[in-house]
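**Student:** Sequence first, then the predicted structure, then my questions.
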Amino acid sequence: MSDAIVIIPTYNEIENIESIIRAVFAQDMRFDILVVDDNSPDGTGDKVIGLQNEFKDQLHLLTRANKTGLGTAYIAGFKWALERSYNFIFEMDADFSHNPADLIYLYNACAIEGADMSIGSRYINNTVNVVDWDMKRLLLSYFASKYVKFITRMKIADTTAGFVCYKRKVLETINLDDIKFVGYAFQIEMKFKAHLHKFKIVEIPVIFTDRTKGKSKMSGGIISEAIFGVIKMKFNSVFN
């Protein structure tokens, strides 16, 4: 058993799931994987079950009855991991937008260099490391991170990043049942809660590549949650 587990939330990722699992397991360091599948009708969960015979004690599946949001999927995965002896818990997408080869850099930042939380950052050092996004989406993401940074006063360039390594103590300290956001704003809230607890957060430059298979789960409601929810989150932190 590894001391590090990669949590991959899925919904209709049949085109990517086997490839991403094999890519993670192909790394020089051993990482376990937990796939949190929201009962995908395309058979994503069944594909994982088939691969478990090949990757015994390394590949795990948590199946949820319904699709209730990225945030709730990750929280379910966090709780599953905390019930076991993992010391480093990762968030990573299934669609290869996050490069499995970068896992070791996030791991080393926490395990060797003393960070409590490491973020695979697209926007660090005033550069934009994003491949194959249209300009509208790129500008929306970039300025959303700028907006969140301004409102929250976090010293994080990529506040919406979803490629993250947590030390166990971070997730044990944050009240996971008190996390409000369920969409991509979940990523902002987790960073903000870690910031409020004064954990050491570092950013590691990575190249983010847009998916080539499957469909994005981004929606207008998710964007609205992020834009308007951040103000409420900051307001509540001041008075609580």
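**Tutor:** Noted; the coordinates are in hand. Numbers count the residues shown, from 1 in each chain.
**Student:** can we go C-alpha only for contacts and neighbour counts from here?
**Tutor:** Fine.
**Student:** Looking at the helix or strand that D46 is a member of now, give me its mean pLDDT.
**Tutor:** In the assignment (DSSP states H and E), D46 maps to helix 44-52. Computed over helix 44-52, the mean pLDDT rounds to 97.
**Student:** F90 touches V164, doesn't it?
**Tutor:** Yes: the criterion here is C-alpha atoms under 8 Å, and F90 meets it with V164 at 5.5 Å.
**Student:** Of these two, which one has the most company?
**Tutor:** Between F90 and V164, counted using other C-alpha atoms under 10 Å, F90 has the larger neighbour count: 27 against 22.
**Student:** tell me the contacts of that one?
**Tutor:** Taking C-alpha atoms under 8 Å, 6 or more residues apart in numbering, we find F90 in contact with A4, I5, V6, I7, F163, V164, C165, Y166.
**Student:** ok so the third one is a strand residue?
**Tutor:** Yes: counting by DSSP: H, G, I helix; E, B strand; the rest coil, V6 falls inside a strand.
**Student:** Which element, helix or strand, includes G71?
**Tutor:** Assigned by DSSP H and E, G71 falls in helix 70-82.
**Student:** Next secondary structure after that helix?
**Tutor:** strand 88-91.
**Student:** by contact count, what packs against the next helix or strand after that following strand?
**Tutor:** As assigned by DSSP H and E, the chain's next helix or strand after strand 88-91 is helix 103-111. Other elements packing on helix 103-111 under the criterion 3 or more C-alpha pairs under 8 Å, 6 or more residues apart in numbering; DSSP states H and E are strand 117-121, strand 164-167, strand 201-205.
**Student:** how does it look with 7 Å?
**Tutor:** Counting contacts by 3 or more C-alpha pairs under 7 Å, 6 or more residues apart in numbering; DSSP states H and E, helix 103-111 is packed against strand 117-121, strand 164-167.
**Student:** if I pick I188, what's in contact with it?
**Tutor:** I188 is in contact with T159, T160, counting by C-alpha atoms under 7 Å, 6 or more residues apart in numbering.
**Student:** Tabulate the CA atom coordinates of the helix or strand it falls within in CSV.
**Tutor:** Assigning secondary structure by DSSP H and E places I188 in helix 185-196. What follows is helix 185-196, C-alpha atoms only, in CSV (Å, rounded to 0.1, in the frame of the first residue of the first chain):
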residue,chain,number,x,y,z
ALA,A,185,-15.9,26.8,-6.6
PHE,A,186,-15.2,23.9,-4.3
GLN,A,187,-11.6,24.3,-5.3
ILE,A,188,-11.5,27.9,-4.2
GLU,A,189,-13.2,27.1,-0.8
MET,A,190,-10.7,24.3,0.0
LYS,A,191,-7.8,26.6,-0.6
PHE,A,192,-9.4,29.4,1.4
LYS,A,193,-10.1,27.1,4.4
ALA,A,194,-6.4,25.9,4.3
HIS,A,195,-5.3,29.6,4.1
LEU,A,196,-7.4,30.5,7.1
